[in-house]
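K.L.:
Give me a 3D structure for the following:
(one chain, ligands or ions: 1)
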Amino acid sequence: MKVKFPQLLANKFFNCKINNPSYYPKEECGIYGIFGVEEAANYTYLGLYALQHRGQESAGIVSSDGERLYRYAGMGQVAHVFDQEKIKMLRGFAAIGHNRYSTTGASFLRNAQPIRVESHLGSFALAHNGNITNAWDIRKQLEEKGSIFQTTVDTEIIFHLMARSGKREFLDSLVYALRKVKGAYSLLVLNPHELYAIRDPMGFRPLVMGKHKSGAIVFASETCAFDITDVEYIRDIEPGEIVRVTKKGVESFFPFPHTKRQALCIFENIYFARPDSYIFNRSVYEVRKSLGRYLAIEHPAEADVVIGVPDSSIVAALGYSEQSGIPFTTGLIRSHYIGRTFIEPEQKIRDFGAKIKYNVVKSAVKDKRVVVVDDSIMRGTTSKKLIKMIRKAGAKEIHLRISAPPTRFPCFYGIDIPTRHELIASSHTIEEIQKYLKIESLGYLSIENARKAMEVNNSPVCQWCDACFTGNYPLPFQEEEYNNQKTLFSEYMIEEIR
Ligand code: AMP
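P.N.:
Next up, the predicted model:
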């Protein structure tokens, strides 16, 4: 029986309000997998290290020596979780790894991925980036039939569906399970003999494939994880594709019904991915520059310098500077030794977080008319704080430019975006935000130009998921249903703390 926990006590444990969905586990993650090389776990460790920006809450690796799977996972960043001894323990020629972005604390170690299970299909493990939107419906049905879940991760339903599929072949059971789930998933699945890389039919989250000089096949969320391990990019995994790697070679399957459209996450390009990565067949750096250029055309400013909010907005600021002819300078310094302010639990702490995260280079902005480029305003906390600091440092005028349209809608497909009532642009006009931020001018990039900016270097024209800006969710999905799922989930979390 679920026992509801008094709100006050829950606040004490979580140091936050439990009914605020931004404090539930998030599914922004980084994944890496390799097949066919000695010390596979060591490569995976390096790959995860390069993907650290995609998740800092927990890290895990599962490896295979052809007979057994070995697993180690822990809370925190990759370099803290693993040491030489642990990596040595992860024997074998194949491995998958996962970085998780969540806010739930040490008691949720068992939510750390990859998750590994034993079943009549043998041992296997799974690492997931994305968010399964019908996970809780399926979970409820499975629980009614007697399934007992080990974690509160949406991904776990895939194991249960596979086990109940009635299929003997591993691939058949995987396809059976995935045909039942909806939403966003880039997945790596490892059994003692096979590595699978899978992208959901709409292709929400990225997944790339490469080849190591040893001949090993490698998969990762972004290509920056290839560069650190000397892996050559081959291609993206296609939306709806399952790639299987065995000792015999690489095979590709398209077992899902045809979808009307693709829905690649536009926000990966705008904010989330590293600029030295190629994802969705294009360079994130080129896309960000192009966003900045369009922004300068759409919202010019009379100014002396352009600065970007590090790290994610620096390249867009460069694009703005190139297009406008206003010199780019380093006006803000970011400390890399604390996590992203976004994951801090309380408004009060978030405010403080912005201060310890950024500092202003006073001589760069003093007595200047400054264009500040950022990629998004969510709650407005970061901008408010930064603008105050830049003003205090002596800037004459501040013109804020956002290299994306106003973020008005939450994301159900795996990006950590606050609820609608927390998003400042969902309840305020641009004039009101400008007034609130106390700046001379504010300009957001239009959705038309944001889409145009994605088409760089002859990259293929893609269909994007831009629901966070437009509210056009590519999968029919009820916000209310989602919030109910989250409420249900909060009860599980309280149970766990007890
Ligand atoms: P806020 O302070 O809530 O307005 O957040 C805006 C800041 O958070 C911007 O500087 C963004 O670069 C950054 N940001 C945007 N999206 C995310 C996200 N999903 N996770 C963490 N930080 C984000």
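
K.L.:
How about the secondary structure of residue 98?
P.N.:
Under DSSP: H, G, I helix; E, B strand; the rest coil, the three-state class of residue 98 is strand.

K.L.:
Strands along the stretch 151-300 of the chain, start to end?
P.N.:
183-190, 195-199, 208-212, 217-220, 231-236, 242-246, 249-253, 264-265, 278-279, 282-283 (DSSP state E, counting those that start in this stretch).

K.L.:
Return the most buried member of the ones you listed.
P.N.:
Burial of the strands of the stretch 151-300 of the chain is given as mean neighbour count (mean count of other CB atoms under 10 Å); strand 217-220 ranks first at a mean of 29. C-beta here means a position set from N, CA and C on the backbone, and glycine is covered the same way.

K.L.:
which residues are in contact with it?
P.N.:
30-36, 43, 47, 51, 188, 195, 197, 207-212, 226, 229, 231, 237, 243, 245, 250 (CB atoms under 8 Å, 6 or more residues apart in numbering).

K.L.:
got the residues of the chain near the ligand?
P.N.:
Taking CB under 6 Å from any ligand atom as the contact definition, the chain meets the ligand at 271, 309, 312, 340, 342, 374-383, 415-417.

K.L.:
Make a ChimeraX selection of whichever of those turn out to be buried.
P.N.:
Those of these that count as buried under 16 or more other CB atoms under 10 Å are selected in ChimeraX with:
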select :271,309,312,342,374,375,376,377,378,379,380,381,382,383,415,416,417
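
K.L.:
Let me see the domain layout of this protein.
P.N.:
7-261, 278-454 (automatic domain parsing).

K.L.:
Save the ones you listed as TSV, and put in mean pLDDT and distance to residue 460 too.
P.N.:
Below are the domains of the chain laid out as TSV (pLDDT from 0 to 100; distance: least, CB to CB, whole Å):
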stretch	mean pLDDT	distance to residue 460
domain 7-261	90	10
domain 278-454	92	6
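
K.L.:
Dump those to CSV, plus distance to residue 461.
P.N.:
Formatted as CSV, those follow (distance: least, CB to CB, whole Å):
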stretch, distance to residue 461
domain 7-261, 12
domain 278-454, 9
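
K.L.:
quick one: the helices in the stretch 151-300 of the chain?
P.N.:
Taking DSSP state H, counting those that start in this stretch as the criterion, the stretch 151-300 of the chain contains helices spanning 156-163, 170-180, 224-227, 266-267, 284-298.

K.L.:
In CSV, list these along with mean neighbour count and distance to residue 446.
P.N.:
Formatted as CSV, the helices of the stretch 151-300 of the chain follow (neighbours: other CB atoms under 10 Å; distance: least, CB to CB, whole Å):
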stretch, mean neighbour count, distance to residue 446
helix 156-163, 22, 39
helix 170-180, 19, 36
helix 224-227, 23, 29
helix 266-267, 24, 13
helix 284-298, 24, 6
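
K.L.:
Relative to residue 407, which of those helices is closest?
P.N.:
helix 266-267 (8.5 Å; CB to CB).

K.L.:
packing partners for that closest one?
P.N.:
Helices and strands touching helix 266-267, as assessed by 3 or more CB pairs under 8 Å, 6 or more residues apart in numbering; DSSP states H and E, are absent.

K.L.:
Show me what it is in contact with.
P.N.:
The contact list for helix 266-267, computed with CB under 8 Å, 6+ apart, reads 404, 411, 415, 417, 450-451, 454, 464-466, 468-469.

K.L.:
Please state the offset of it from the chain centre?
P.N.:
Between the centre of helix 266-267 and the centre of its host chain there is 10 Å, according to CA atoms, centre = their mean, to the nearest Å.

K.L.:
Out of the contacts of helix 266-267, list just those in helices.
P.N.:
The helices, defined by DSSP state H, take in 450-451, 468-469 from these.

K.L.:
contacting residues around the residue lying closest to residue 259 once chain neighbours are set aside?
P.N.:
Beyond its immediate neighbours in the sequence, the residue positioned closest to residue 259 (CB to CB, 6 or more residues apart in numbering) is residue 201, lying 4.5 Å away. Under the criterion of CB under 8 Å, 6+ apart, the neighbours of residue 201 are 239-240, 256-259.

K.L.:
Closest to the ligand out of these?
P.N.:
Nearest to the ligand out of the contacts of residue 201 is residue 239 (CB to the nearest ligand atom; 22.1 Å).

K.L.:
residue in the stretch 51-200 of the chain nearest to the ligand?
P.N.:
Closest point on the stretch 51-200 of the chain to the ligand, by CB to the nearest ligand atom, is residue 101, at 7.8 Å.

K.L.:
beta partners of that residue?
P.N.:
Beta-bridge partners for residue 101, by DSSP bridges, are residue 28.

K.L.:
how many neighbours does it have?
P.N.:
By the measure other CB atoms under 10 Å, the count of residues near residue 101 is 25.

K.L.:
ok, it to residue 360 distance?
P.N.:
28 Å (CB to CB, to the nearest Å).

K.L.:
same question, residue 241
P.N.:
The gap separating residue 241 from residue 360 is 46 Å, by CB to CB.

K.L.:
just residue 333 next, same as before
P.N.:
Going from residue 333 to residue 360 by CB to CB gives 8 Å.

K.L.:
Quick check on those two: which one has the bigger neighbour count.
P.N.:
Between residue 333 and residue 360, counted using other CB under 10 Å, residue 360 has the larger neighbour count: 22 against 13.

K.L.:
pretty sure the more buried one contacts residue 330?
P.N.:
No: counting by CB atoms under 8 Å, residue 360 stays clear of residue 330, with 10.2 Å between them.

K.L.:
The most far-flung residue of the chain relative to its centre in helix, strand or coil?
P.N.:
The C-alpha centroid of the chain is most remote from residue 367, which lies 38.3 Å away (CA atoms, centre = their mean). At residue 367, secondary structure determined by three-state DSSP is coil.

K.L.:
Same question for the one 4 residues further on.
P.N.:
Per three-state DSSP, the local secondary structure of residue 371 is strand.

K.L.:
and it, how many residues sit next to it?
P.N.:
Using other CB under 10 Å, the number of residues around residue 371 comes to 31.

K.L.:
residue contacts, it?
P.N.:
Contact analysis of residue 371 by CB under 8 Å, 6+ apart lists 301, 303, 305-307, 317, 320, 324, 326, 399, 401.

K.L.:
out of the ones in helices among the contacts of helix 266-267, who's nearest the ligand?
P.N.:
Of the ones in helices among the contacts of helix 266-267, the one sitting nearest to the ligand (CB to the nearest ligand atom) turns out to be residue 468, at 9.2 Å.

K.L.:
Give the burial count for the closest one, as a bare number.
P.N.:
26.

K.L.:
residues touching it, list them.
P.N.:
The contact partners of residue 468, by CB under 8 Å, 6+ apart, come to 267, 407-411, 415, 417.

K.L.:
Can you name the two of these that sit furthest apart?
P.N.:
The most widely separated members of these are 408 and 415, with 13.9 Å between them, by CB to CB.
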